[in-house]
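[1] Below are the sequence and a predicted model; questions follow.
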Amino acid sequence: MKPHLMMSALLAATPALAQTPVLTVYTYDSFVSEWGPGPAVKQAFEAECGCVLNLVSAGDGASLLGRIKLEGARSDADIVLGLDTGLVSDALETGLFMAHTIEADLDLPVEWNDPLFLPYDWGYFAFVGNRGAAQPANFRDLAASDLKIVIQDPRSSTPGLGLLMWVKSAYGEEAAAIWEGLADNIVTVTPGWSEAYGLFLEGEADLVLSYTTSPAYHLIAEEDDSKVALPFSEGHYMQIEVAGKLAATDQPELADQFLRFMISDAFQSIIPTTNWMYPAAIPDGGLPEGFSTLIQPEKAILAPIDQADALRDLALDEWLRVLSR
Amino acid sequence: MAARPLPLRRLTVTDTLGWTAVAFVLALILMPLAAVLWRAGGASLPAPADWAALHFTVLQSVLSALFSIALAVPVARALARRQFAGRGVMITLMGAPFILPVIVGVLGLLAVFGRSGVVNQALGWFGLPTLQIYGLHGVVLAHVFFNLPLATRLLLQGWQSIPAERFRLAASLGLGPRDVFRLLEWPMLRATLPGVAMVVFAICLGSFAVALTLGGGPRATTVELAIYQAFRFDFDLGRAAVLAVIQIVLVTLAAMVALRLSLLDGFGRGLDRTPRRWEAEIWRLRLLDLFVLGVAGLFLLVPLGAVIWRGLAGLDDLPPQVWRATCVSIGVALSSTAVTLGVALAMAYLGQRRQGVEVLGLLGIAASPLVIGIGLFLLINPIDDPARWAFVLTALVNAMAALPFALRVLAPALRDVERDFGHLADSLGMTGLARFRWLVFPRLRRPLGFAAGLSAALSMGDLGVIALFADPDRATLPLQILRLMGAYQMEAAAGAGLVLLTVSLGVFWLFDKGGRRDVDA
Amino acid sequence: MLTLDGVLIQQDAFVLRADFVLETGTVAAVIGPSGAGKSTLLNVISGFFAPVQGRVLWKGQDITDLPPAKRPVAVLFQDNNLFPHLTVAQNVGLGIRPDLRLTSEDHRHVGQALARVGLEGLDGRKPATLSGGQKGRVALARILVQRRPLILLDEPFAALGPALKVEMLDLVAELAAELGATLLMVSHDPQDARRIAPHVILVADGIAMPPQPTEALLNDPPPALAAYLGT
C-alpha cells in the first residue's frame, strides 16, 4: 500500500473511534498486571459504560504521584487510582485534583469524608509469620524477643512507610526507642514488598511486614493455612487506597461514572482476591470465605491527613538516625 | 625500520559514523538528564544523608571491584593454563550470574549463604556459629558473585593474548612459575587489571537492590536509593539529577584513572586455545588450580543450582503471560544487541585514534536508570504517549547498559585487525562497506559473537526503563517476574526466573557459537 | 617517472631527506642500515606516511595528498599480505575490485594471474593451507591484476629460504618487466640488488641518495655503505 493510501485509510478509521469515549486511568503496575484487578475491572466497566477504559501503568504507587506531578495539567489522565493515605496530602498540594460528586456508603474502620479522594480498598499493616511460631503481642514484645524480621525501606516502599507511621503514631516521642529495640531484630531492609516477602518465604526471617490480609492469599490461592498475621495490642496502621478525579479531565461525567462503579459491587467483588485487600464497600455477596479467618485488629490507626506529611518527615529522620548507627 | 607510520587522512566515513555514535550515546544519556534539570528549574544541593550514601556507595564499589579482581586472577589463570573436559561449558555457565536479574540471583545466593541457607545449616549440624550475610560484607559478596564471571572472562582474554611462543621461550629458558608470572603474566595483568576493576566498580556504583537487600538497613544506602528518595519521597528533581551527575562524574573519573594505569591490551582472541604451559606442569600447581576452580565453581554454581531448583518447582504453574513476555524480551534483546554492536563498532573505530571514547561508552552503566527514565519520559510525553515507546526505549537503554562490555571486547580486537591488515586494505582501496564485509566482519566474528551474546543476555535480564513506561500487554520477562512476585506468586516468579536464565544463556551460547563457526586463523 | 621533490620526513628525532627522480621502468633496490628509514621511504611513496615538506610526483602529477589506494602504487608488505579468512581467488580479486563484485571477465583475469604465478587450481584454498612460497605467489598474482605502474616491495620474502627468495625475486622482476612497471624494493642483501636491480638507492645518514648503478656502487662503496656491508 502506498503511504498516502495508508494515511487516508487511517483517517477514515478515526471518526469511528472518536465516537467511543475513552477514559484514561493512571494506576500502579500491579493493578494492571494480569494477576491484579485490572483486566477484570476493564471488562466489567466497559460492559456498562459504552466506552474504552484505558488503564495506564505508571510504575508503583509513589511513581504514580510522581508521574502526575511531572505531567501536571497536561496529563491525559482522567483519574488516578492507587494513591494511598501516605500520599494523599502530597496529592492534595498539587492542586491537580477536583472534588468528586459521589455519595458513598463505605465500610471503613475509620471516618472518611475527603471531598477529593474516594477509597476503593484498604488493609491493615501487620507482621506475618508462620503458624505455631512465637507471636509477640506488640512492638515492645517484638523488640525484646530474638525473632528476626524483614521490613521495607520507607523511602522506596509504601509498606515500609506504613510501618514508619505505625510506630510513630503509636509511640510518638518513644518511637526512636522502639526502633532502637527493633534494630537487632531486623535482618535486613528491602527496597520493596516483593523482596521482603520473598526473603520471608525463603526462611530468611521469622516475620515480614505485610498486611493482615496476606494469609488470605495463601489460604485461598494455595490452600495453605500456615501463614498468620500477628495482632498487635497497639492497634494496626491502616492503608487506604484511593482514587481521584483530575481537574483537567475532558471526561468529567465518565470519570464520575467510573468512581461510582469503583465502589459498586462489580468492582468491589474483584478486589479481595486480586489486590488481596479489603473492599471499601463490602459487596452484597460478602467477603470470600478465607477472609473470615483473618485477624480483626481492635484498633485502627491512621495519622490525620493534614498531619501526615510533618509526621512522616520527622519519623523518617528518626528512623534513619537510629538504624544508621 | 625507523619511525612508526602515521595513518594519513583515512577512514573519514567511519570517523563520521564514530562521531555519530558518540553523539547518539551522549544524546541518549545527557538529553534526559538535561530534561530533568530543566523541569526541576535548576539543580539543588544533595542533603547531608546523600553524602553518607555517596560514601557508602564508593566504599562498597571499591571493595567489590578489588575482591572481584583478586579472585578473578587465580580463576582466570587456572582456566588459561588447564585444558579439561567441560571447560567450555564451565566458562559459559560461570558467566550466568552476570546476566541474572538481581532479585533472582540474590534469592539464589541466600539459599546458600542466607540464615537458613545450605552453609548455615551445615554449620548448625556441626554446632558451629552461623554466618550473618547481611551487611557490607554481604553486599560485597553478592557483587563478587555477580561480577566475578565478567572479571574472569575479561582476564582470561588477557591471558590468551600472551602468544604461545612466549611460554615456549620461557620453558626453553627453564623459567619457573614465579618467573613466568613476573615476566609474562604480571605485565599483562598490569595492563588489564585497571580496566577490569574499573568496569566492576562502575557496575557496583549503580547498585540499588543488592546493596539495600543485603546491606541490612539504611546504613547501606546507595546513591541510586538517594535518587529514588529525592524523586519519590521529596519530588526534588533537581537533587535527583545532581546525584545522577555525581554518579556519572565518579565513573568517568574512575575510567580515566584506569585508562591512565592500563596499557593497550590485545583482547578478542579465542578462548579455546590453551597454550601448553610447561612451567605449570607440576603437581603443586595442578592441585592449586583444581582447588581454585573447585571453589569458584562451587561459589558461582551452587547458588545458580538453587535458582534452577527453585525454578523447576515453579515451572508447573507458569502462567501463559510468561511465554509472551519471553517473546517480547527476546525481541528487546535482539534489537538492543543490534544497536549495541553498531554503536560499539563505530565507537571502537573512533577509539583507535581518540583515546577516551571508551570512557564515554561507560556512561550507559554510570547513568541512573531512574533519572534517565524520567528524562526520557519528559522528552517524549509532550509529543506522544510514552507507553508506545516502551519497547524502543527499553531496547535503547539496555543497549547503552551493554555498550561498555561490547566496547571492551571489540575495541582491542579491532585494533589488532587494523594493525595487522589496515595497510593492506588501504592500499587495495577497501573502504566503507567493502572493508566491513571483507575485512572487519570476518576478522571480528569471534569477538562480535561474544559481544552480541553478552549484550543480548544482559538485555534479556535488564529491567531497564520498562517499569516506568510499562504497557500492560508488552511486559518484558524481568518485569513479569516482578509482577508475579508482587502478586504473591513467588514460585511462578522463580519458574519465570529459570526461563529467563535458560533463554539468556541460550541466546548467549548461540551468538558466541555463531561467532566461532568455521573461523579461520 | 617517480619524483621525490625536496621531501623531508620527520618523526621525533628521526629525519630523512629525499630528492631524486626514478625513471619509468627502472628496477631499483633500496639499501641501507637498519633504522635508516628504508620502509619509511616506501611508506611515503605509498601514502601511509605524510612528509612534512616536499612533494611526491608521478609522471609530473602531484600525488602527495592522495590516499594509498588512489596512487599508482601496488605494495607488498613485510607480512600480512593476504587476508587469512579469504580464499586465494578472493585475495587476488581484491586487486581488481575492493568490494569483490567481480564480473566473469574479472574472474578470468584472476585465473590467468594465478596460472601465471604457477598456482593453477588453488583458487578455493585459504592461505593457512599454503606454503610460504605459495603465499608470496598469491600476493604477486594480485600485483598482476592490480596493473599498477609502480610496485613497492618492503622485504616481503625475507622469511623465505635463500633459494626460494631468489626464485620469488626473479618472478617479481619478470612480472614487473611484463607490466612495464617501475619496481622499488627494500633489501638488506646486496646480492638481491645485483641479481635483479640495476639501480640502488642508498639510504643512510638521514638521506635517501638518488639511484646509482648497482655494480659500480657495490664495487666501490662510499663509507656509509661500506660500514653497512662490512667490507
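    Everything's here; your move.
[2] gap between whatever helix or strand residue A:83 lives in and the chain center?
    Using DSSP states H and E, residue A:83 sits in strand A:79-84. Per C-alpha atoms, centre = their mean, to the nearest Å, the displacement of strand A:79-84 from the mean C-alpha position of its chain is 9 Å.
[3] just stretch B:497-505 next, same as before
    Using C-alpha atoms, centre = their mean, the offset of stretch B:497-505 from its chain centre is 17 Å.
[4] now swap in stretch C:69-76 and tell me
    Remark: stretch C:69-76 is offset 9 Å from the chain centroid, using C-alpha atoms, centre = their mean.
[5] Give me the mean pLDDT for the strand holding residue A:83.
    Mean per-residue pLDDT for strand A:79-84: 93.
[6] I'd like to know which elements it is packed against.
    If contacts are counted by 3 or more C-beta pairs under 8 Å, 6 or more residues apart in numbering or on different chains; DSSP states H and E, strand A:79-84 sits against strand A:22-27, helix A:61-71, strand A:236-246, helix A:252-262. Glycine gets a C-beta too; all of them are placed from N, C-alpha and C.
[7] Show me the strands in chain A, by range?
    Counting by DSSP state E, chain A has strands at residues A:22-27, A:52-57, A:79-84, A:97-98, A:117-130, A:149-152, A:186-190, A:207-211, A:227-229, A:236-246, A:278-279, A:300-301.
[8] would you turn those strands into TSV with mean neighbour count?
    Output for the strands of chain A, formatted as TSV (neighbours: other C-beta atoms under 10 Å in any protein chain shown):
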stretch	mean neighbour count
strand A:22-27	22
strand A:52-57	20
strand A:79-84	26
strand A:97-98	20
strand A:117-130	24
strand A:149-152	26
strand A:186-190	26
strand A:207-211	26
strand A:227-229	22
strand A:236-246	25
strand A:278-279	25
strand A:300-301	18
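[9] Where does chain C get nearest to chain B, residue-wise?
    residue C:69 (2.9 Å; C-beta to the nearest C-beta).
[10] Residue B:128: what secondary structure?
    Following DSSP: H, G, I helix; E, B strand; the rest coil, residue B:128 is assigned to coil.
[11] ok so, going back, hmm, the residue of chain C closest to chain B is touching residue C:98, no?
    Yes. Judged on C-beta atoms under 8 Å, residue C:69 makes contact with residue C:98 at a distance of 7.3 Å.
[12] Between these two, which contacts overlap?
    B:428, B:429, B:430, B:431 (C-beta atoms under 8 Å, 6 or more residues apart in numbering or on different chains).
[13] tell me the domain ranges of chain B?
    Structural domains annotated on chain B: B:10-43+B:316-521, B:58-223+B:265-309, as defined by automatic domain parsing.
[14] Single out the most deeply packed of those domains.
    For those, the largest average neighbour count (mean count of other C-beta atoms under 10 Å in any protein chain shown) is found in domain B:10-43+B:316-521, namely a mean of 21.
[15] Put together a markdown table for the domains of chain B, with mean pLDDT and distance to residue A:37 on each row.
    Converted to a markdown table, those look like this (pLDDT from 0 to 100; distance: least, C-beta to C-beta, whole Å):
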| stretch | mean pLDDT | distance to residue A:37 |
| --- | --- | --- |
| domain B:10-43+B:316-521 | 85 | 11 |
| domain B:58-223+B:265-309 | 84 | 24 |
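[16] Nearest to residue C:163, out of the strands of chain A?
    Checking the strands of chain A against residue C:163 by C-beta to C-beta gives strand A:186-190 as the closest, at 77.4 Å.
[17] Would you mind listing what in chain C touches chain B?
    C:9, C:11-12, C:14, C:16, C:34-40, C:43, C:46-50, C:67-70, C:73-75, C:77, C:80-81, C:83-86, C:90, C:94-95, C:98-100, C:126, C:128 (C-beta under 8 Å from any C-beta of the partner chain).
[18] Can you flag the buried ones in those residues?
    Buried subset of the residues of chain C next to chain B (neighbour count, 16 or more other C-beta atoms under 10 Å in any protein chain shown): C:9, C:11, C:16, C:36-40, C:43, C:46-50, C:67-69, C:73-75, C:77, C:81, C:83-86, C:90, C:94-95, C:98-100, C:126.
[19] Cheers, nothing more for now.
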